[in-house]
Structure formats: structure tokens, C-alpha cells
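Visitor: Using only what follows, build the 3D model:
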Amino acid sequence: MKYHAIDRELFVKNRQKFTAQMKPNSVAVFNSNDIYPVSADSTLPFAQHRDIFYLSGVDQEESILLLFPDAPYEHLKEILFLRETNEHIAVWEGEKLTKERAFEVSGIKTVIWLKDFHKTLKEVMSYADTIYLNTNEHYRASVDTQTREDRFIKWFKEIYPAHKVEKSNPILQKLRSIKEPQELELIQTACNITEKGFRRILNFVKPGVMEYEIEAEFAHEFLRNRSKGFAYTPIIASGDSANVLHYIENNKECKAGDLLLLDVGAEYANYSSDMTRTIPVSGKFTERQKAVYNAVLRVKNEATKMLVPGTLWKQYHIEVGKIMTSELLGLGLLDKADVQNENPDWPAYKKYFMHGTSHHMGLDTHDYGLLHLPMEANMVFTVEPGIYIPEEGFGIRIEDDVVIQPSGEPFNLMKNIPIEADEIESLMNS
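Guide: From the prediction side, this is the model:
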């Protein structure tokens, strides 16, 4: 892996937190992701399933983690199953985890080659009453492809129909939403790499440059700082393209006088960052552009203050909507009649700000988190208001990643990334 080794105590602690929530005499199984085919013998780059990584630190394909805290024998309490490596694999595919190296990464003493998984599972299930199966229940999940987890769940239910089944996901949704200090350091590293990319392009952007050239500049800076690349598909949207919320073509010319919306984040060690900045292609905002920009920035700053322990996600967004409504009135985009006659289910401000303000962030860009529960310290959220004005040919979004503190305002992981309009203009013209 490109990233520096992670202290295995993080994964030991994560497993302890998970097993503490398991029912008596139960087993939990977690599978790695598949390597997905493209065509012929081509495949997509491997990306590890975040749950098995969170619990083990293992970052390779064809891996299985089994947890059985009440096992009658010590060697069955935690087991890693890995694809057996050999000299041939090392030559053709590169180094894979040995049993010794797997222990160094994960802290798990029992490492068994994958070919013996079914035999070992049969013994384990003869002692256990319940199994925790790992389904994807994220509120934004939309999966059409059958995963390795899906295949395992289907197979298990056929072979072991008498065992009780529980869900791992609700436990992981809670645990993964609250970050350990070491996780916060990894996310901070991802944010710092993103900062380097942003500062690089501030001296690069000018009229005539192509959006994909800017994407390439970010990729260059990310890779040279030990990132695998983008945490998500980057949005490099100039002019009216910024009004398409998930614009990813990145194929247009940046023109003089236009704004450029950059929704870009580096990953580091599988942890995400998620930044948005909007900059003037010509190096200077027009008076109108700056007025809208500063309105968005004020909303972001006020919204950030509300991210404290006890805040409810749904109510938070209602309050942000009120702040945005006030700013849109000040910009002349709404009038009092629009607000008085608004549909409560789709308030007037939604015409110009139609998405949410914040989401959990961590191992996934839209990370695990149970939205009906109050916010807690060490949760990481984005703050990303925007105003989109197709009739004026531009859209503005500003986004930072913040950590909720035990008391007071959250800590901004992106506090060093330029955000004030004047500072951006100064850096672009230096």
C-alpha cells in the first residue's frame, strides 16, 4: 500500500467495540470486496470493503474475518482467512499477506488459508447459536451488483438454516460514526493532501484551461503524497455546469469571467476527505459573484456552529434552511411572497439550494451514521451549502470537513485550506 502502516491497536480496539455488542454465543463474518471485471481480462482497481478494513486493517482481496468472542477455544475467537500466497503469485501479482505479516497488520493470531474456510466454519457453527451477517443498509445505498457478502449470505442460509441470524450493520453504523483519535489523524492527512492539490491549482487555473487538466493537477498532487487518488469521482464544473450537482464529465473549457466549482477530495489509507471550493477562472470575482459567494460562506459558518453534541440531523437541516432563506432574500433571489406561500414539504429556498448541508464522513465519503440519533463528539461531518443560479450561469458551493467536539464549535479539518474570497483572489494573482 502507498500509505504508511497503521498501528494495529486501532483494529484491535475496533474489534473489541464490535464484539462487545454481540449476543452471547454468536459469530460474525465479514468478507472482502470482489475484484470487479471490466471486459476480457481487464478489472477495476481493487477497493477493500470498508467494514473488514475497519475491523482488521486487511487491505487485500479474497479475505474473510470471523469473530467468535465466546468460542470454547482461544484460537477460534478471532480468525483471518487469507488466500494462500506463494512464489508464483508474488511474481505475477506482487506481495500478498503472509500469516506473520497479517498478524502485524491486524493483531489477529489465528490466520488460516482460505481453502480451509468451510471446514473451520463448520466447526465454529457447531458451537454457536447465532451468526451476524453483514448487509449494506446505508441510507444512500443503491447496489445492483451481487457482492461477495451477498453470495456468502445466500450460501450460509442454505447450508446452516437452523442458526439464528442477526445484522452487523446497525452495530457498525453506530461504531463507525464515532471516530477514534487515530482515525481522525488519517482523515486529517487526507484533508492535508487535498489542501496541497487545491493550492497547486490556484496557480494553474486561467481562461482556456480544460476542466480535465485541472483534474490531472489534483491527481498528480494526490498520488505524490501517498494517496491512491480521489476519494470519489471529482467534480470540476465551470460556468453553468456547476448547476448540475453531480457533474463529472470534466470536459469543458474554463472561460474568462466564469466561476469554477471544485468538489474534490483525496483519500488516504481508505479514509476520505471531501472539499468544495468555488473560484473565479479569471482570478477575480465579479461584484455579484462575490455577493453570492459570501452569502454561501455565511451560511456555512452559521451551520458549522450548530454541529454540537445533541443536535438532531433533521432539525439541523431545518435551521440551515431558515438561514439560507434569509440570505436568498438579501440577494433578491426570493421575495417575501415566495416565503409566505412556500410549500412546507419543499420550502422556497430549495429552488436555489436543493441538497442537504451535511453528511457523515470517514472510511466512506458518505460514511455510516444513524441519522435519527443525536450527534456525538468525534463524529465527522461535511458542511456544504450552495446556491445555484442557472439563469445567471453559475453555481457556488463551499464545503469543509469538521469534527464534533465534546463542547463548543467543531474542529475544522480544513481550516488551512483557503476559503475567503479575498484570499483566493490574492493567491490566484500572486
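Visitor: Tell me who's in contact with Y232.
Guide: 265, 272, 274, 365 (Cβ atoms under 8 Å, 6 or more residues apart in numbering). Where you see a C-beta, it was placed from the backbone N, CA and C, and this is true even at glycine.
Visitor: Can you report how many residues lie near the last one?
Guide: A count of neighbours around T365, defined by other Cβ atoms under 10 Å, yields 19.
Visitor: so it is in which element?
Guide: According to DSSP states H and E, T365 maps onto no helix or strand at all.
Visitor: so who does it touch?
Guide: When contacts are counted by Cβ under 8 Å, 6+ apart, T365 touches 231-232, 265, 272, 274.
Visitor: Take those and keep only those in strands.
Guide: Within the contacts of T365, residues falling in strands by DSSP state E are S272.
Visitor: Nearest to G330 among the contacts of T365?
Guide: Of all the contacts of T365, G330 sits closest to D274, with 27.8 Å by Cβ to Cβ.
Visitor: Now the buried members of the contacts of T365.
Guide: Applying 16 or more other Cβ atoms under 10 Å to the contacts of T365, the neighbour count classes 231-232, 265, 272, 274 as buried.
Visitor: With T311 as the reference, measure out to L371.
Guide: L371 sits 11 Å away from T311, going by Cβ to Cβ, to the nearest Å.
Visitor: higher neighbour count, these two?
Guide: Higher neighbour count among L371 and T311: T311, with 18 against 13, using other Cβ under 10 Å.
Visitor: Surely the more buried one is in a helix?
Guide: No - T311 is assigned coil when assessed by DSSP: H, G, I helix; E, B strand; the rest coil, not a helix.
Visitor: what's the burial count for the nearest residue to it once chain neighbours are set aside?
Guide: Nearest residue to T311, sequence neighbours excluded (Cβ to Cβ, 6 or more residues apart in numbering): M375, at 4.5 Å. For M375, the neighbour count with other Cβ under 10 Å is 22.
Visitor: so M375 touches W313, yeah?
Guide: Yes - at 7.2 Å, M375 counts as touching W313 under the criterion of Cβ atoms under 8 Å.
Visitor: Mind jotting down where the helices sit in the stretch 301-430 of the chain?
Guide: Secondary structure of the stretch 301-430 of the chain (DSSP state H, counting those that start in this stretch): helices located at 313-330, 336-340, 421-428.
Visitor: would you list those helices in JSON lines and tack on mean neighbour count?
Guide: As requested, the helices of the stretch 301-430 of the chain are arranged in JSON lines below (neighbours: other Cβ atoms under 10 Å):
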{"stretch": "helix 313-330", "mean neighbour count": "17"}
{"stretch": "helix 336-340", "mean neighbour count": "12"}
{"stretch": "helix 421-428", "mean neighbour count": "16"}
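Visitor: Out of the ones you listed, which gets nearest to E61?
Guide: For the helices of the stretch 301-430 of the chain, proximity to E61 was assessed by Cβ to Cβ; helix 313-330 is nearest, at 34.6 Å.
Visitor: CA atoms of that closest one as CSV?
Guide: Extracted C-alpha coordinates of helix 313-330, given in CSV (Å, rounded to 0.1, in the frame of the first residue of the first chain):
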residue,chain,number,x,y,z
TRP,A,313,-29.7,15.9,11.8
LYS,A,314,-33.2,16.5,10.6
GLN,A,315,-33.8,19.6,12.8
TYR,A,316,-30.3,20.9,11.9
HIS,A,317,-31.3,21.0,8.2
ILE,A,318,-34.5,22.9,9.0
GLU,A,319,-32.5,25.5,10.8
VAL,A,320,-30.0,25.8,8.0
GLY,A,321,-32.9,26.3,5.6
LYS,A,322,-34.0,29.3,7.6
ILE,A,323,-30.5,30.9,7.4
MET,A,324,-30.4,30.2,3.7
THR,A,325,-33.8,31.7,3.2
SER,A,326,-32.6,34.9,4.8
GLU,A,327,-29.6,35.1,2.5
LEU,A,328,-31.6,34.4,-0.6
LEU,A,329,-33.9,37.3,0.3
GLY,A,330,-30.9,39.5,0.7
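Visitor: name the helices or strands packed onto it?
Guide: Counting contacts by 3 or more Cβ pairs under 8 Å, 6 or more residues apart in numbering; DSSP states H and E, helix 313-330 packs against helix 287-305, helix 336-340, strand 386-389.
Visitor: so how far is it from its chain's centroid?
Guide: Its chain's C-alpha centre and that of helix 313-330 lie 25 Å apart, by Cα atoms, centre = their mean, to the nearest Å.
Visitor: Wait, a helix at I279?
Guide: No - per three-state DSSP, I279 lies outside any helix segment and is strand.
Visitor: all numbers from here: first residue = 234
Guide: Okay, using 234 as the starting number, the last item reads as I512.
Visitor: Quick one: residues contacting it.
Guide: Applying Cβ under 8 Å, 6+ apart, we find I512 in contact with 435, 438, 492-493, 495, 657, 661.
Visitor: rewinding a little: could you point out which of the buried ones among the contacts of T598 is nearest to H282?
Guide: Of the buried ones among the contacts of T598, the one sitting nearest to H282 (Cβ to Cβ) turns out to be S505, at 14.9 Å.
Visitor: For V438, see how far away that closest one is.
Guide: Counting by Cβ to Cβ, the gap from S505 to V438 is 24 Å.
Visitor: same check, this time on H237
Guide: Taking Cβ to Cβ, one finds H237 at 31 Å from V438.
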